[in-house]
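[1] Kindly return the folded structure for what I paste below:
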Amino acid sequence: MANTFTATAQATKECPEPYAREEVLDEGFADLLKGLVFDDQVMDWISEALHQSHADEKRFREDAITRLQDKQTKIQNSHRDVSPTV
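    Okay, the predicted model is just below:
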């Protein structure tokens, strides 16, 4: 079933506006985006922001991997330190 949208976000109130299919909204929004024009300075800024965002996410993932590997090592070492009881 396709998503539909009305003029109000409150489900308890009745909206006098007709439903709009998500596909129709997507199409209209895409048409608006096609009309956008950016100069070179804005494009350079967008490109730099995307590169920085990618670098930040990459650094976050690498830090998370390092933290998880450290935890794994500590757990493995703690299990080695426990001598089996016989």
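[2] Phi, psi for residue 21 please.
    Here is the backbone geometry of residue 21 (degrees, to the nearest 10): phi -70, psi 140.
[3] Check the gap between it and residue 46 for me.
    Plainly put, residue 21 is 31 Å away from residue 46 if you go by CB to CB, to the nearest Å. Heads up, the C-betas are built off the backbone N, CA and C, glycines and all.
[4] So residue 16, which state does it fall into?
    The three-state label given to residue 16 by DSSP: H, G, I helix; E, B strand; the rest coil is coil.
[5] give me the number of residues near it?
    8 (other CB atoms under 10 Å).
[6] and what of residue 24?
    Neighbourhood size, residue 24 [other CB under 10 Å]: 13.
[7] how close does it sit to residue 40?
    In terms of CB to CB, residue 24 sits 34 Å off from residue 40.
[8] Which of the helices or strands spans the residue most central in space within the chain?
    Geometric centre of the chain, nearest residue: residue 57, 10.9 Å, by CA atoms, centre = their mean. Element membership of residue 57, judged by DSSP states H and E, is helix 40-81.
[9] How far off centre is that helix?
    Centroid separation for helix 40-81 versus its chain: 15 Å, with CA atoms, centre = their mean, to the nearest Å.
[10] For the remainder of this discussion, apply numbering that starts at 12.
    Understood, numbering begins at 12; the last thing we discussed is helix 51-92.
[11] Packing partners of that helix?
    Where contact means 3 or more CB pairs under 8 Å, 6 or more residues apart in numbering; DSSP states H and E, helix 51-92 is not packed against any helix or strand.
[12] Looking at it now, give me its mean pLDDT.
    Averaging pLDDT along helix 51-92 yields 95.
[13] average model confidence for the strand or helix carrying residue 36?
    Using DSSP H and E, residue 36 falls within helix 33-45. Averaged across helix 33-45, the pLDDT comes to 94.
[14] Convert the C-alpha atoms of it to PDB, please.
    Output in PDB follows, covering the C-alpha atoms of helix 33-45 (Å, rounded to 0.1, in the frame of the first residue of the first chain):
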ATOM      1  CA  GLU A  33       3.800   9.700  -1.900                       C
ATOM      2  CA  GLU A  34       4.700   9.100  -5.500                       C
ATOM      3  CA  VAL A  35       3.100  12.300  -6.600                       C
ATOM      4  CA  LEU A  36       4.900  14.200  -3.800                       C
ATOM      5  CA  ASP A  37       8.200  12.600  -4.800                       C
ATOM      6  CA  GLU A  38       7.700  13.600  -8.400                       C
ATOM      7  CA  GLY A  39       6.900  17.200  -7.500                       C
ATOM      8  CA  PHE A  40       9.800  17.400  -5.200                       C
ATOM      9  CA  ALA A  41      12.200  15.900  -7.800                       C
ATOM     10  CA  ASP A  42      11.000  18.500 -10.300                       C
ATOM     11  CA  LEU A  43      11.800  21.300  -7.800                       C
ATOM     12  CA  LEU A  44      15.200  19.900  -7.200                       C
ATOM     13  CA  LYS A  45      16.000  19.800 -10.900                       C
END
